[in-house]
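sequence unknown, structure follows:
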């Protein structure tokens, strides 16, 4: 390859990048995570009057300072390792950081993402261990009357073996969809790492979509969404999974857990259908006080039977979570009624660093119960 | 459930949405696609001085008009059905449309997305036909020295059958990654729909990551990226796929095609390794003139042998694509040298509506060649 043609190729790619984005190639690095885990945010905006960092994990909104070069900056932290979302308010418009390729799309408005690495590979990082696989299926839901998507994690060795695996149904929050537990939650890497050191049983993880009712309608009718979600899971998704995969079909081989909205859904499905599920978890869950859900009320009505059926009921919430009080009241109520459960208030707020930790702890406890 | 507790639950979800986004729930709809396929773009920005729509498929940048309510608007079109990306320039800062949940993240800067629906379900829309599955694998690349990700489409019936399937390697562009051909390109739905009406042979589609060299370095060293990509595909990925899936291992059972940067890679791999591939395509490809690539030069050097080995060489480009001239010169050169190929200049520019159409046409031509 002559020097000249090599330069032509380079020019071609630069031109493609230029035209594809309709802007100059980026020269601003934002966010920049420093070795001491402080983080610098930047925005090139010589014509802008005000830039504010919106990041509730970093406290109140914070104005950026404008430099002579038209670049706005702010440095915060140090920040704990984990993944965090933030937005810029540019002259009053709340939007993403345009210099940052990490974006979480969402119906309620996209956010930018920053991952603060731990000093050494964390329990959710890619490590040199055997990796499971993700599968994306479309199945027909007779409940919803639509074709729906589901993500499924199979553990390392699934294809080569012939064992029947237990299954964890893992539910997302109101601002997420079926792809987020693997994309941001790193559920697949967390399971790979746990299984590699024998701290979790090899299991399937099924990640359904929690919005059978479209997001806009759902905020007006959360009850209808929860009921449709349960019916879809029990009548459509579960038979689909159990016909496509080598999985256990006994209740001791099934668990269900979710975060935020999904925590409420997990309690609804898991405690309401103890004939199908035996292990239930609720991470930072949207619970009501007193539990207005008929399925949960029925579960509470016979604590002796319920405590025997549900082998694990695991509830946790961050001490800075806006749902803390509701979880306190909910668990106090359960206790008064004689229901057995594990409950923890931990560091953290309503965010992915907490949910990664909770999944890591919860997954390790599952499927350790013998026959009935 | 009493009315009161139902209201509490509604309040809780509204609160969660409010806190999760750090802003009021969105009331602005943008973009709004009208029945006549005109599109209205909006931005709430009472404090903003200027908003410009950047969308090269719609011509030059266009200013939005500010209403008395502080909402900026513009209506364009009608627009042809398909998927398009755009950005807003807000007081000189190029960023996404914050009211639009459709976002394409990219290292070069995120874009907003708008899908203009066709009058009836198009060849790339979800239809009531059997659906294949997507799989996401991590494999170790000895070439790159890293664990890499690959998306694989298996056609409907793959799990239940015992046939060996042919394989199409489908490569993305410089601004994309291994997830984009399914996410934006709808490769899985296009194949589902083609297979359902017998217009394509059931096949696996393997979608690798085209950036073995990280994006920033790669723009300085595209030649190194192309070579590493080829070596990874041939030495690491292909053996991985053929050990994990029931696929044909003869050259007539393998095809490779890509778009833009991936089109260049497909020519490099496919024409350079006719012992492995027999069908090659290049969509809107980044080709150099004259072909400086040694693999392509070697292919051209013996047209009689090359024409016999490559059963299909399919090249197409949009008449509004910035790479049109290069593709004209490249195909003129091939013709002068006596190479057989199909070449078309079609409507369209350098964008997904074109690539969806090309995949639809190309996939239907594959794996129709008998034994050697």
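Noted; the coordinates are in hand. Since the model is a prediction, treat every value here as computed from it, not as a measurement.

how about the residues of the stretch 151-300 of chain A that lie near chain B?
Neighbours of chain B within the stretch 151-300 of chain A, by C-beta under 8 Å from any C-beta of the partner chain: A:159, A:173-175, A:218-220, A:222-223, A:244, A:260-261, A:286, A:288-290, A:292-294. Glycine gets a C-beta too; all of them are placed from N, C-alpha and C.

now do 6 Å
A:174, A:175, A:219, A:222, A:286, A:288, A:292 (C-beta under 6 Å from any C-beta of the partner chain).

Can you pick out the most distant pair from these?
The distance between the two most remote of these (C-beta to C-beta) is 22.7 Å, for A:175 and A:292.

returning to that earlier point: ok, of the residues of the stretch 151-300 of chain A next to chain B, which one's closest to residue B:229?
residue A:175 (35.7 Å).

Ends of stretch A:44-64, what's the gap?
11 Å (C-alpha to C-alpha, to the nearest Å).

which of residue A:175 and residue A:292 has more neighbours?
Remark: of residue A:175 and residue A:292, residue A:175 carries more neighbours, 20 against 17, as counted by other C-beta atoms under 10 Å in any protein chain shown.

from what I can see that one touches residue A:105, true?
No. Between residue A:175 and residue A:105 there is no contact under C-beta atoms under 6 Å: 10.2 Å.

residue boundaries of the helices in chain A?
Using DSSP state H, the helices of chain A run over residues A:3-21, A:180-183, A:187-196, A:215-220, A:222-231, A:238-244, A:261-272, A:294-301, A:303-309, A:324-336, A:352-365.

re earlier: identify those among the residues of the stretch 151-300 of chain A next to chain B that sit within strands.
Taking DSSP state E, every one of those sits outside strands.

Just the closest of those to chain B, please.
residue A:292 (3.7 Å; C-beta to the nearest C-beta).

where does the closest one land on pLDDT?
At residue A:292, the predicted lDDT confidence score is 79.

Any chance of the backbone angles for it?
phi -90, psi -10 (degrees, to the nearest 10).

how about TSV for the helices of chain A, with mean neighbour count added?
Shown next, in TSV, are these (neighbours: other C-beta atoms under 10 Å in any protein chain shown):
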stretch	mean neighbour count
helix A:3-21	16
helix A:180-183	22
helix A:187-196	23
helix A:215-220	15
helix A:222-231	20
helix A:238-244	16
helix A:261-272	27
helix A:294-301	17
helix A:303-309	14
helix A:324-336	16
helix A:352-365	22
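
can you put these in a markdown table and add distance to residue B:41?
Below are the helices of chain A laid out as a markdown table (distance: least, C-beta to C-beta, whole Å):
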| stretch | distance to residue B:41 |
| --- | --- |
| helix A:3-21 | 18 |
| helix A:180-183 | 27 |
| helix A:187-196 | 36 |
| helix A:215-220 | 19 |
| helix A:222-231 | 30 |
| helix A:238-244 | 39 |
| helix A:261-272 | 30 |
| helix A:294-301 | 44 |
| helix A:303-309 | 53 |
| helix A:324-336 | 39 |
| helix A:352-365 | 31 |
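
Compare those helices and give me the one nearest residue B:356.
Residue B:356 lies closest to helix A:3-21 among the helices of chain A, at 16.8 Å (C-beta to C-beta).
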